[in-house]
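S.K.: Whatever this is, show me its structure:
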Amino acid sequence: MKWQQLENGGGGTHLVVLDPDEEPVQVLTDFARTHGIHGAQVTAVGAFADAVVGWFDREARDYRPIPVRQQCEVLSLMGDIAEGENGPVPHLHAVLGMADGRTRGGHLLRARVWPTLEVVIQSVEPPLAKVYHPDIGLALIAPGRREPAP
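M.R.: Numbers count the residues shown, from 1 in each chain. Reported below is the predicted structural model:
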């Protein structure tokens, strides 16, 4: 991974370029924690060797994995970074393009970059906090809250 801070007046924008075989969810989690990013918008393009996206099953209150066992283009990857119970965590959704032009999409559970993933992280203020909702089974951003609920 390589990164660069970009000038935008506020200094809160980073370009992160992932290398082949890196796992984007983990790399972006580590990057946010190392650089003290507690709230951000994330966008990216690139490609994966393979990936697993998920569809949230309301009844099971868990993600149903959708494996993508082929090289695919990252047509759109977007999401946020917010403060969770154990520090900043990314919440990312991806639309992936297959060789035949079809797409797969959902919550990005994991992937393996090939050849690159170009990520722009735009920090926001105040920090964003996630609060777990046991009735839903998810931690969701709580506007106006600066720390995650215990």
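S.K.: I'd like the distance between residue 59 and residue 136.
M.R.: Counting by Cβ to Cβ, to the nearest Å, the gap from residue 59 to residue 136 is 12 Å. Where C-beta positions appear, they are placed from N, C-alpha and C, glycine not excepted.
S.K.: Next: residue 48.
M.R.: As defined by Cβ to Cβ, residue 48 lies at a distance of 28 Å from residue 136.
S.K.: Could you check which of those two has the larger neighbour count?
M.R.: residue 48 (25 against 11; other Cβ atoms under 10 Å).
S.K.: wait, doesn't the more buried one sit right on residue 113?
M.R.: Yes: taking Cβ atoms under 8 Å as the definition, residue 48 is a contact partner of residue 113 at 6.1 Å.
S.K.: Now do the same contact list for residue 47.
M.R.: Shown in contact with residue 47 (Cβ atoms under 8 Å, 6 or more residues apart in numbering): 71-74, 113-117.
S.K.: Drop anything exposed from these.
M.R.: 71-72, 74, 113-114, 116-117 (16 or more other Cβ atoms under 10 Å).
S.K.: for those residues, which one is nearest residue 103?
M.R.: residue 72 (8.8 Å; Cβ to Cβ).
S.K.: Report how many residues lie close to the residue nearest to that closest one when sequence neighbours are not counted.
M.R.: Closest residue in space to residue 72, ignoring its immediate chain neighbours: residue 96 at 4.2 Å, by Cβ to Cβ, 6 or more residues apart in numbering. Neighbour count of residue 96, defined by other Cβ under 10 Å: 26.
S.K.: Use 485 as the first number from now on
M.R.: Okay, using 485 as the starting number, the last item reads as residue 580.
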